[in-house]
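In: following is a predicted model, sequence given first.
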Amino acid sequence: MTDSPTRPPVTLLDPVAQYRRLQPAVDARLAAVLEHGRFINGPEVAELEAELATLTGSRHVVTVANGTDALNIALRAERIGPGDAVFVPAFSFVASAGAVALNGATPIFVDIDPRTFVMDPAVLADTIRHVRAAADLVPRAVMPVDLFGLPADYDRLVPLCQQEDLFLLVDAAQSLGASQHGRSVGSLGDASITSFFPSKPLGAWGDGGAMFTDDPERMGQWRSVSAHGTAEDPYDARRTGTNSRLDTLQAAVLLAKLPGFRDEIARRNAIADAYTEALRGLAETPEVPAGSVSVWAQYSLLMDDRDAVRSALAERGIPTRVYYPRTLPAQRAFRHAAPLGLPCPVAEETAMRIVSLPMHSELDDRAVDRVIAALLEVLRDQQPQRA
Ligand SMILES: Cc1ncc(COP(=O)(O)O)c(C=O)c1O
């Protein structure tokens, strides 16, 4: 069965539809930049940083070129490097562990919760003990990832990091706009970073990232590291740094999108609720703990026979993706580090069974209904084979 040529396809992302919806605001913002010509450090960058501070409740915001740079700069500013251990979830995008390794530190992998897919604090406590007792490394930081837009378990992570004297650096690349017990992402750890990669809930139309902290000294270090290590005098570097800036055109795009961001989050939540309601009892749907609000960067569920389900859905015109088919410790760049932590069986099983459904702000009710109808049909077809 193929998709009818008269029906618009169901998409995994539709930035062009979003542009059409926001066109007057975006065009005006972009035209203003083209008129003033300050493509680097234009006024839109500072305006966006102020808006992001309001959105997150974080005192200081530093925008940078992308989320990976944000992680690198945060680790670099903290002087985390060779001989140091940073605790990272075993199931995430590669950048979470890559930034640790690129700074010369060792990522120590921590297993995840099977229903929320975020770092399991009980396993973290065991892993910290294990590394303190066995490895020749100094534990320095914990980097939870708010995977798929859901805040990690900060009720337990914050006191644990305080007790263990570890820097809590939140990889909120996927979760800007989410909250926990009324506190916004960006203000849940010692420092947080996010990404404006186009597929993120608040996506730019190119690369972008931001860093969040309440600590003015830390903010000053980030600004310096991201500007070649300089401070007031641009020709006197104080430390080794890099060049990482959000360019003005991307700031303008994000400013045009921000006024509607809350509505987009509400739309994503409505789609997630519809999926969860329809799939109740038929599939292992993702869980949102009480007190947490997700931004549903992805709607990911677990299923047996994943490949068969995906190809049956594709035949019905429904695209899906697998985030992520491999755990971090299973990737070649990190295999040396994997034995220094504890085994991560939940992450391994998740990588084999997870699949993500279409999820973005431009999906209309008819598209959502088509995803659900196709999924119900495919799952029903599968059932006799399982019996
Ligand atoms: C969890 C996570 N961390 C870090 C990044 C890196 O962000 P960027 O692509 O902006 O470098 C991403 C996104 O791509 C991500 O999903």
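Out: Structure's in. What do you need? Numbering: from 1, shown residues only.
In: how much space between the closest residue to residue 63 other than its chain neighbours and residue 47?
Out: If the residues on either side of it in the chain are set aside, residue 63 comes closest to residue 246, at 3.8 Å by C-beta to C-beta, 6 or more residues apart in numbering. Where you see a C-beta, it was placed from the backbone N, CA and C, and this is true even at glycine. The gap separating residue 246 from residue 47 is 12 Å, by C-beta to C-beta, to the nearest Å.
In: which of these two has more neighbours?
Out: Set side by side, residue 246 and residue 47 show more neighbours around residue 246, with 28 against 15, by other C-beta atoms under 10 Å.
In: on the three-state scheme, that one is what?
Out: Here residue 246 takes the coil state, with states given by DSSP: H, G, I helix; E, B strand; the rest coil.
In: tell me the contacts of it?
Out: The contact partners of residue 246, taken as C-beta atoms under 8 Å, 6 or more residues apart in numbering, are 45, 48, 63, 64, 65, 196, 204, 208, 209, 210.
In: which residues of the stretch 101-250 of the chain fall in strands?
Out: 106-110, 138-142, 167-171, 179-180, 183-184, 191-195, 209-213 (DSSP state E, counting those that start in this stretch).
In: could you dump those strands to JSON lines with mean neighbour count?
Out: Output for those, formatted as JSON lines (neighbours: other C-beta atoms under 10 Å):
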{"stretch": "strand 106-110", "mean neighbour count": "27"}
{"stretch": "strand 138-142", "mean neighbour count": "22"}
{"stretch": "strand 167-171", "mean neighbour count": "25"}
{"stretch": "strand 179-180", "mean neighbour count": "22"}
{"stretch": "strand 183-184", "mean neighbour count": "18"}
{"stretch": "strand 191-195", "mean neighbour count": "29"}
{"stretch": "strand 209-213", "mean neighbour count": "28"}
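In: closest to the ligand out of those?
Out: strand 191-195 (3.3 Å; C-beta to the nearest ligand atom).
In: give me the low-pLDDT residue ranges for the protein?
Out: Low-confidence segments of the chain (pLDDT under 70): 1-5, 384-387.
In: pop the domain breakdown of it in here.
Out: 18-258, 260-386 (automatic domain parsing).
In: and for the nearest residue to residue 214 once chain neighbours are set aside, the neighbour number?
Out: Leaving aside its chain neighbours, residue 214 sits nearest to residue 59 (4.4 Å; criterion: C-beta to C-beta, 6+ apart). Using other C-beta under 10 Å, residue 59 has 13 other residues around it.
In: related to what we said a few turns ago, give me whichever of the domains of the chain is most buried.
Out: Mean neighbour count, computed with mean count of other C-beta atoms under 10 Å, is highest for domain 18-258 among these, reaching a mean of 20.
In: how far off centre is that one?
Out: 9 Å (C-alpha atoms, centre = their mean, to the nearest Å).
In: and that domain, end to end?
Out: 13 Å (C-alpha to C-alpha, to the nearest Å).
In: any residue of that domain touching the ligand?
Out: Yes: against the ligand, domain 18-258 shows contacts by C-beta under 6 Å from any ligand atom at 66-68, 92-93, 95-96, 145, 171, 173-174, 195, 197, 207, 209.
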